[in-house]
Each structure stands twice: as C-alpha cells, then as structure tokens.
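Trainee: A predicted structure for the sequence below; I have some questions about it.
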Amino acid sequence: MKTGWFLPVLVLVQGICATFFVSDIALTVLGLRSRPISWQTREFLEIGAALGLVLGVVLGWIAYRRSQQRVRAVEESLRLMQSAFKDHLEERFCAWGLTPAERDVALFSLKGLSLSEIAELRQTSDGTVKAQSNAIYRKAGVSGRTQLLSLFIEDLMSDGD
C-alpha cells in the first residue's frame, strides 16, 4: 500500500461519499430536488456511499497503524544511533585521556555552548573552562572547537573504512 497516492484517494472517496449524504439531506430539506429517483437507485447509492465510508474508516485505520509502526521503527533507529554516538564519544574521550571535568566541557562544547555558559552550568570560572578547553584541544590534536566538532562530523560521515 503506497501512501503517496493511497491516502489522497482515500480522502477523496470519503469526501464524495460524505458529500452524497449531506447533499441528499440538504436537497430534501430545502425541497430543491428537481425530479425524484427510484427507491432502488436511491438505496444502491446509499449502500455504495455507506460502504465507501466504512471502507475509508478501515483503510484509514490500517494506514494509521502502519504510520505508527514506521514512527516506532524510526524512533528505535534514532535511539540506537544516539547510543552508538555516545559510545563513540566515550571511546574518543578515553583515548585522549580526558578527565571527567574535561569530558563535561568537551560535551558541552560539542553541543555548542559558549565558554561562559559552560562555566555557569559547571559552576566554575570562565578561565577554568578555557584552560580545560585548551587541554581538550591539545589532547585531541586540534586547534579549536571547530576542529574538535569536525572530528566527530567526519566520523559520522565516514563509511567505516
């Protein structure tokens, strides 16, 4: 079941069926019906419209369930990727020999926080965070935050060679 064309067609069929019922009632109430149709034809039209609405509900429910399954699969994939990235960060931090304080600073730096924001979160001075940042860059073999971030972006983009 392709959702590219399926859902619009489903909505169109339900719209036509609902329009039939609403227009039938409106024409009857307003007395605008130009000529009556036979009761057999009317019954067939009503049965067809009702079946269209019921089919729309059933197929709509199926489409909803499938979309929920896709959402759950994507969320699980995202959780796995987040976990793998966190593990990768920890491996890099261990390989560089970062202290727990430097790990915090490195993580906050990768998240894009400024030195003063990191200092405020860690309840330390800006100078301490700057010194820890310099130690991180030295241990990682980079010259600054941008290069530190680029190491991880490069890892994400690599094919695993």
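Mentor: Received it, and whenever you're ready, just let me know what you need. Numbers count the residues shown, from 1 in each chain.

Trainee: going forward, measure contacts between C-alpha atoms and count neighbours the same way
Mentor: Noted.

Trainee: quickly find the element holding the residue of the chain most remote from its centre.
Mentor: For the chain, the residue at maximal distance from the C-alpha centroid (C-alpha atoms, centre = their mean) is residue 35, at 53.1 Å. For residue 35, there is no enclosing helix or strand under DSSP states H and E.

Trainee: so how far is residue 28 from it?
Mentor: 11 Å (C-alpha to C-alpha, to the nearest Å).

Trainee: before we move on, what about residue 90?
Mentor: Distance from residue 90 to residue 28, by C-alpha to C-alpha: 73 Å.

Trainee: same check, this time on residue 115
Mentor: Residue 115 is 73 Å from residue 28, by C-alpha to C-alpha.

Trainee: and for residue 138?
Mentor: Taking C-alpha to C-alpha, one finds residue 138 at 83 Å from residue 28.

Trainee: what helices or strands is the one helix or strand residue 18 maps to leaning on?
Mentor: Secondary structure assignment for residue 18, by DSSP H and E: helix 3-30. In terms of contacts (3 or more C-alpha pairs under 8 Å, 6 or more residues apart in numbering; DSSP states H and E), helix 3-30 is packed against helix 39-96.

Trainee: what is the helix it packs on packed up against?
Mentor: helix 3-30.

Trainee: could I get the average pLDDT for the helix it packs on?
Mentor: Averaging pLDDT along helix 3-30 yields 82.

Trainee: now stretch 126-134
Mentor: Mean predicted confidence for stretch 126-134 is 95.

Trainee: in that stretch, which residues are buried?
Mentor: By 16 or more other C-alpha atoms under 10 Å, the buried positions in stretch 126-134 come out as 126, 129, 130, 132, 133, 134.
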